[in-house]
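Student: Pasting the sequence and the predicted model now:
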Amino acid sequence: GCATEETGSKETVEKAKEGGTLIVARLSDATTLDPHFITDIPSANVIYEKVYQTLVVPDKNMDPKPLLAKEWKQLDDVTWEFKLQEGVKFHDGAPFNAEAVKTNFDRILDPATASPQAGKLEMIKEIKVIDETTVQFKLKYPYAPLLSILVSNEGSIISPKAIKENSDKLGQSPVGTGPFVFKSWKPGEEIALSKNKDYWGDKPKIDGVVFKVVPEDATRIAMIETGEAHVTDQVPVTEIDRIEASGTMDLYRTEGLAVEYLSFNVKKKPFDDVRVRKAVAHAIEVDSIIKGVYNDVGTRANSTMSPKVFGYDPDIKGYDYDINESKKLLTEAGVKDGLEFTLTTSDRKERINMAEVIQSQLKGIGIKVKIQVLEYGAYIDATAKGEHQVSIGGWGNATGDGDYNQFNLFNSKSQGAAGNSSFYSNPEVDKLIENARKESDGDKRKELYSKAQAIEREEVPYVPIRNYEHLAVYGGTVKGLWLNPANYLMLDDVTVK
Amino acid sequence: MKQDADKILEVKNLQTHFFTDEGTSKAVNGISFSLNKGETLGIVGESGSGKSITSLSLLRLIPSPPGKIAGGSILFKGEDLLTKSEKQMRSIRGNEISMIFQEPMTSLNPVYSAGEQIAEAIRLHQKLGKKEAWDKAVDMLRLVGIPSPEKRAKQEPHELSGGMRQRVMIAMALACHPEVLIADEPTTALDVTIQAQILELIKTLQKDFGTAVILITHDLGVVYETCDRVAVMYAGKIVEYTLAKEIFTNPKHPYTIGLLNSLPRLDMDQEELTTIPGTVPSPYSMPKGCSFAPRCAHAKSICEQAVPDLQAIGPSTEVSCWMFTPQWEKAYDTQEKVGI
Amino acid sequence: MFVFIIRRVLQTIPVLLGVSLVVFLIMQMVPGDPATLLAGEGATKETIESLRHELGLDRPILYQYVDYVLHAVQGDFGESLRSSRPVLDEIMVRLPITLELALASIFITVVLGMIAGIISATKQYSAADISIMIVALLGISLPSFWLGLMLIYFFSVNLHLFPVSGWGTFSHMILPAITLGAGGAAIVARMTRSSMLEVVRQDYIRTARAKGLKEYIIIYKHGLKNALIPVITVVGLQFGALLGGTVLTESVFAINGLGRLIVDAIRTRDLPMVQGGVLIASVIFVFMNLAVDVLYRYFNKRIDLN
Amino acid sequence: MMGVPAAEKKVLLKVDQLKQYFPIKGGFFGRTINHVKAVDDITFDIKQGETLSIVGESGCGKSTTGRAILRLDEPTSGSIHFQDKDLLSLGKKEMRRTRKDLQVIFQDPFASLNPRQTIGKILGEALAIQNVVPKDKRKSRIEELLGHVGLRPESMERYPHEFSGGQRQRIGIARALAVDPKLIICDEAVSALDVSIQAQVLNLLKSLQRQFDLTFLFISHDLGVVRHISDRVMVMYLGRIVEIADKKSIFEQPQHPYTRALLSAIPVPNPVHERERILLTGDVPSPIDPPNGCRFHTRCPFVQDICKTQLPELKRSAQNHQVACHVVS
Amino acid sequence: MKPEVVINHTELNVKERKSPKLRHWKAFYKKFKRNKLALVGGYIVLFYILLAIFAPLISPQDPYEIDLVNKLQPPSAEHWMGTDDKGRDILSRLLYGTRLSLTVGFVSVFFGAFIGILLGLTAGYYGKWIDTVIMRIVDVLLAFPGILLALAIISALGPSLINVMVAVGVFSIPMFARIVRGSTLSVRKLEYIDAIRALGATDFTIICKHIFPNILSPVIVQATLRLATAILSAAGLSFLGLGAQPPSPEWGAMLSSGRDYLFSAPHIALFPGIAISTLVLGFNIFGDGLRDALDPRMKK
Ligand SMILES: Nc1ncnc2c1ncn2[C@@H]1O[C@H](COP(=O)(O)OP(=O)(O)OP(=O)(O)O)[C@@H](O)[C@H]1O
Ligand SMILES: Nc1ncnc2c1ncn2[C@@H]1O[C@H](COP(=O)(O)OP(=O)(O)OP(=O)(O)O)[C@@H](O)[C@H]1O
Ligand SMILES: [Mg+2]
Ligand SMILES: [Mg+2]
């Protein structure tokens, strides 16, 4: 997020006006507001660091910073200790303390809760309350990226009182410690938060936030243009020029953690042959996709990890655009008489566009591509079952740690729905990924990931295409807004005139 | 026909044409007749001979386009209706000249009650209030012999039988005591026993109100029993115009004779009916001469060349046929007749 | 009439059963598993399995359907798989909005359409008639979403006359109602026109003329009421089309309606929500048609109630 | 006709206690809540070569009787024997074969011909369905048929709308004749025609009857026509037979009050034949709820108490004359 | 009813007649031709059909040729209608798309009409419980919001042009079924049907040879009107991302891809929009004209 750093910092210098309600237009409604049950970023975005807070919080570079935990240290391979902030109260008046932290993690881990996120915290053996403000995490095995899990939405700390009294209602009415208090939710229409007057930190400058559901892209932009809404964080890349040209709207851009890629189903002919995969990788002109389809939003991806993610190896490069090499590889692989395959994608516009461009690029070397656009649910189904030949996919990363990419995309255990849509399986890579999990030395971990990435580059189960860049459009009256790399709107310093 | 001081309506050389894509149809092609106070004139003729169009022309209700009154005059109490403004016509319609239509089933508006439809005319022409008009409408229904008229007045046409509907039509037509009533086949759609009731009713009412009636029908029996005089139409023209009784005892025009002979008689057995060969000519391609000539057993060449005029051949009889003209004797026979 | 209404209401039962069965079967056929979608990115097989169990998706299909119907009969439409809120609650939030939208559009459809149609019919072949009919034809041929976006562009973004999105106030309703109602208005206008022209040829109009009534009384009193009969049927069918059309309009104007709810539910394979939504939509449709039939019968007495 | 004693002729068609009730659906579940008693228990027969006419007011069940005999509608009960075959017990296939012998000519010359078929096709199809003549002979047979009804062979290529009403009715007759039927039911076959045309068609029917020994069931409400064409006449009122007799007998000595009213109501253009008119009052009651007792009692000028409660049976009152009336018998 | 049209037999000359069928059509065409507006509609439709047939010959460019450098070009001498978001020539795409849109229209309407006619004929002819059952099924279809049905079908079968056709076809079934049933009921009452039944014709013959041809004209009229709706529906489905598979230049898909540029490059949506509107317009007025020409009551 270097490019737009100024946006945030400049405004804090100016004496910002206080008050007003920020209206955020967004694509879809939240599914639930219980962080232990949320599985998508748009839902989490409503509450993350707004209603709820986490022990540690990522900064603009995804480095963990203290929040509800003042400080922490790793006592041994499997024990982490956190010192908690004092004098923090939940919105319902319950005090924040070590017991509260324990209650939260116990809840998510309790099989009876049936939290879909339990798997992510599966390495936690026990939470130990040392004293009122000290808490220890005991792990089953060494797990280095623990902090990256704690910074993410699942690490939100819910009021223990609310958990005890009406756990079931938490999805509808969240109770946390954050700068905003949940006010109301009209399903399908809007969710309103209001300023927490008793917030323990720097109080927000606005009176509240309303998240409005506006499914149509053009309408959302029109709303910013007319001042009906202040911000939208789901911006079609096609609108960039217009927004930049407009006098009433501004664009905020920040590098994201997600990547988009082409995924070969290595279980299916002809993509079980690495030469064919390489040939395709050589035949795709990634730069023109990023410019032509994405209007230069995002950067060329070299690996299936974004540069902001821990473990990214800048030395690993993607395949060059080299038609001759590609043809040669195809001949070697014995598919001279023309390769033909189906490219499956979900119905996201940019992905379809990408598919069309790839189709046209591959046509240049005689590869015939048939595009199959599937409605999202069907797409997930097809790729999870391995019915596809080649698909366009993307992998978000809410934690900023490489494990989230590597384990889900490449580990044999993750084949199918869990993320490994290539059905890639390599014992060596499996091992590297699993060892990296346990390694607590950061540099050693990086090394392990580098090794894994090098192998993955050679075997090309995926052709990395683009590192995400997140966009937000805001009206001229909005100042102090920023997006974190995981695409969360950060509202601490926002003002609206 | 002799001049009559009581003459209320006089039609002279009326022509009504339809301008359609197939050509011009001279539906009414120059007819003249007159009507005296209190008398009943019957107009008979086959389907399509122009009876209805004649009656509609009298009230200037020809659907236009495609129809148009192309000539002639209609003198009502001495004034030509064709020169009147639409507004003047409206005060005559339903008031001084009323009409009963051929189809009782469709001539009443299905969405208004019988009473309302009668009262509407009364309010319009007699400037009565809502209540008075309604009462009058109920009275009219009683007059035309509808039992429990208060109840019936509130019913809508679909709740009434065909006979009752026709009586409602009659009540409507007579509500303003018109001087002329035009009844276009008022009983064709009805059964004989009901027809007898309705005709009887019209006769009684006519007597009571002194209304002159034009009764259009294709049933010669009806004419015989109801009318004073009769005009026989064929292909848009009157071919014979005479006293009603006369036509049965002493028909003149070959068509009239043919028509009478075609009727199965109730008073005697016939092994075979006499027929008129051929069919009515298409209104779009009328023969040059007499329109009946192609079917006429007596036709001579003159018949095919020129149209005969309607001429008086007796004190109260007019016929349009070359046979009754001096030219007849000199004319040549035509070639053989066409059959079907 | 009463018996007729009761009977028609009872007849809706098999129709609704049919609808629910069709929904159920289709949702079974549709690839995509609600549990997988709900579990989100990176969920393990175990997570998905336990979620399936939690949602009751691992029960036999027939059992699921019968269970659903038995509950639905008692007014229990289940809970959304996604938000775990009661389906009925979610629907009841949207239903009034969609109904308002539909009624507002029907209003536009009927008022605009009939006025235009009557003017057209009474001034047959005049300039007004021809221009109305051309506009009407355009109204039919414009894709509604395109019209919607164009309206937003001109009236909201450029002229700042109406809000872009949302629902609640009168000014919110105008653009969506026009978007949704335009096609219908055009159809109604044409229908009214031809029906009027047809009625004007009827015998009873001639009777009215023969009474000496003024032309405008003939048209409005004797003509219009009869001309409405076929128009009502069209409006009724139009209402059905309109319910379907709300999806696009709701999406363009960000209106939180039933159409969008159902589409979203289909996308997330939220079966109870789809079921509930479609059933309610069908109920509305069926009752709307019933209302139309009743009106039709009211206007057209010649039709035997049996 | 009267020359040959009726008894000597073979009975061709025998209708026994025929009932035709049309259900009226209603109620909550669309149950049948009532019936239109269109034909309510009628019994009569027709002899080979004769013409039996049915007269009566509109809606009294004339057409329904004809349609029931043809099994165009399935009768509710009763039996119909045609040449000793019980028509109602025939299977679908057998019935189709038997249809060859029973033909029909309808009232509306415009509705009774398929507007999309040429005359040749219409007649050809009739021949094909019953396969009465081999394919190669059909054309000449059609020409022959057209000749019988007085149309030219060229008519074959024309469509019905190119013909006048009378000509169309002839085509209808030709179609009925095509299959060499024994019985032809003429349902108001001349009612729609102008008198001058009507006379042509009536003459044609009569000559065809002589030529082919046809039997006619002639349905009409025009008593003039009926008198002209029939041997016997059957008068119906509200689904029941009120009188059935030889033509002469019924026209000269009508017995049932309804028949008498009917006859007297006909306007006759006959200056020498003045009659006294029996004017009825009121309208025909509905066949859904026919009056109790004699169906006619609500309009009968001679009504007595018994008429209101008891249904009169059809009784023989003279040779070849049956009447159903309490007062007369 | 009394005969109105009385044509003198003797006046019709045998010589001047050729094929009776031909005269039938000529008369129809004459009547249709008189309706100027309908004629315009017919010409529009014809125009598009010709475009569809000759698309490969008249297209100035390859409709699939992606040229990202020249994307979003406004109309120019080289690209008469400009280029789309992937630099493809919009005119060429529109021309090729004519085929798809017309195919979608024709196939889906044909499909819907076929099943609708089958159901309507059966229900109308046999009546009784068959009628009840069929019409209830049709009610289910009708009550089922059309777009949802389409969504469901396409979700089940995957989005492709064929499935769009199936979906759009399915929701025109009820319309056809109702119209056909209504006409069948009225045709079945006609005397010539009874006459042919009295001759001993089988139900099959009656339905196929006598009822079907006589219900055809309302069906044809409905079909032309439905064609318009079908093309619009397909466009609506494209808008929801359910339509034709890229890169096929189906008009609805083109229009919907243009909606992202409604403000920055309006020509992308404008031209497909105009194409859809005019074709739909053409079908509509053509259908109206047909109705008037085929309706015997409207002879003026
Ligand atoms: N609207 C019209 N357009 C064209 N021709 C018409 C129209 N109305 C009537 N005609 C023609 O005018 C002629 C006379 O018709 P009219 O209705 O007066 O006959 P009619 O004697 O009343 O017959 P009917 O006994 O059948 O009522 C017919 O040839 C008919 O075709
Ligand atoms: N298919 C049917 N369903 C219900 N009612 C019917 C049906 N067919 C006839 N009817 C009723 O049966 C009664 C007798 O009808 P039918 O047609 O036999 O009378 P009709 O004597 O032929 O009359 P018309 O002289 O008018 O032809 C009428 O009340 C009619 O409404
Ligand atoms: Mg007339
Ligand atoms: Mg009958």
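Tutor: Yep, it's here. Ligands and ions are numbered 1, 2, ... in the order given.
Student: Show me what residue of the stretch 1-150 of chain A gets nearest to chain D.
Tutor: In the stretch 1-150 of chain A, the residue that lies nearest chain D is residue A:29 (43.3 Å; CB to the nearest CB). Where C-beta positions appear, they are placed from N, C-alpha and C, glycine not excepted.
Student: pretty sure that residue contacts residue A:215?
Tutor: No. At 9.4 Å, residue A:29 does not count as touching residue A:215 under the criterion of CB atoms under 8 Å.
Student: re earlier: run through the residues that contact the residue of the stretch 1-150 of chain A closest to chain D.
Tutor: A:187-189, A:191, A:213, C:264 (CB atoms under 8 Å, 6 or more residues apart in numbering or on different chains).
Student: Just give me the longest helix of the chain.
Tutor: Using chain A here. helix A:442-459 (DSSP state H).
Student: Hmm, no, I was thinking of chain E.
Tutor: Assignment by DSSP H gives helix E:90-126 as the longest helix of chain E.
Student: now check the helix or strand containing residue B:242, is it near chain D?
Tutor: Using DSSP states H and E, the element containing residue B:242 is strand B:237-243. No. Using CB under 8 Å from any CB of the partner chain, strand B:237-243 stays clear of chain D, with a minimum separation of 11.6 Å.
Student: Which elements pack onto that strand?
Tutor: Here strand B:237-243 touches strand B:23-36, strand B:229-234, helix B:254-262, strand B:317-319, going by 3 or more CB pairs under 8 Å, 6 or more residues apart in numbering or on different chains; DSSP states H and E.
Student: 10 Å instead?
Tutor: Where contact means 3 or more CB pairs under 10 Å, 6 or more residues apart in numbering or on different chains; DSSP states H and E, strand B:237-243 is packed against strand B:23-36, strand B:40-45, strand B:229-234, helix B:244-249, helix B:254-262, strand B:311-314, strand B:317-319.
Student: Go through the ones you listed and name the closest to chain D.
Tutor: For the helices and strands packed on strand B:237-243, proximity to chain D was assessed by CB to the nearest CB; helix B:254-262 is nearest, at 3.7 Å.
Student: what's the distance between that closest one and the middle of its chain?
Tutor: When distances are taken as CA atoms, centre = their mean, to the nearest Å, helix B:254-262 is centred 19 Å away from the chain's centroid.
Student: Next secondary structure after it?
Tutor: Taking DSSP H and E, what comes next after helix B:254-262 is helix B:301-305.
Student: mind listing what's buried in that following helix?
Tutor: The neighbour-count check on helix B:301-305 (16 or more other CB atoms under 10 Å in any protein chain shown) flags B:302-304 as buried.
Student: now do stretch B:87-97
Tutor: For stretch B:87-97, the neighbour count (16+ other CB under 10 Å) marks B:89-90, B:92-97 as buried.
Student: I'd assumed residue A:192 was in a helix, is it?
Tutor: No. Read with DSSP: H, G, I helix; E, B strand; the rest coil, residue A:192 is strand and lies in no helix.
Student: Is ligand 1 within reach of stretch C:205-223?
Tutor: No. Applying CB under 6 Å from any ligand atom, one finds stretch C:205-223 out of contact with ligand 1, separated by at least 11.4 Å.
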